[in-house]
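Q: sequence below, structure please.
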Amino acid sequence: MPIIINVDVMLARRKMQSQELAEKIGITQANLSILKTGKAKAVKLSTLEAICKALDCQPGDILEYVKD
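A: Predicted structure coming up:
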């Protein structure tokens, strides 16, 4: 998939664990794992907004386009 989700990178930069992020944004760890592994087919804008707010970053820090 040409869209890469860099949640792990931002978690490491912010020294935050997945469980803490999941609690802050109100989703399950299983759903966060689906996002982190790139298995998600879609991301709600409200979820992306919550991730950016919790990690103090921009959507471009989370989403990356890579040509096939």
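
Q: tell me which other helices or strands the worst-scoring helix or strand of the chain on mean pLDDT touches.
A: When each helix and strand of the chain is scored by mean pLDDT, DSSP states H and E, strand 3-5 comes last, with a mean of 91. Judged by 3 or more Cβ pairs under 8 Å, 6 or more residues apart in numbering; DSSP states H and E, the packing partners of strand 3-5 are strand 63-65. In short, each C-beta sits where N, CA and C put it, glycine included.

Q: about what we covered before: neighbouring strands - and their directions - for the least confident helix or strand of the chain?
A: Using DSSP bridges, strand 3-5 pairs in its sheet with strand 63-65 (antiparallel).

Q: any idea of the mean pLDDT in the partner strand?
A: Mean pLDDT, strand 63-65: 94.

Q: thinking again about what came up before, for the least confident helix or strand of the chain, which positions count as buried?
A: Of the residues in strand 3-5, Ile5 count as buried by neighbour count, 16 or more other Cβ atoms under 10 Å.

Q: for it, the distance to its chain's centre please.
A: In terms of Cα atoms, centre = their mean, to the nearest Å, the centre of strand 3-5 is set 9 Å apart from its chain centre.

Q: quick one: contacts of it?
A: Leu35, Lys36, Gly38, Ala40, Val43, Ile62, Leu63, Glu64, Tyr65, Val66 (Cβ atoms under 8 Å, 6 or more residues apart in numbering).

Q: next structured bit after that strand?
A: Sequence order places helix 7-13 as the next helix or strand after strand 3-5, per DSSP states H and E.

Q: show the contacting residues for the nearest residue to Gly26 once chain neighbours are set aside.
A: The shortest distance from Gly26 to any non-neighbouring residue, by Cβ to Cβ, 6 or more residues apart in numbering, is to Ala50 (6.9 Å). Contacts of Ala50 were listed using Cβ under 8 Å, 6+ apart, and they are Lys24, Ile25, Gly26.
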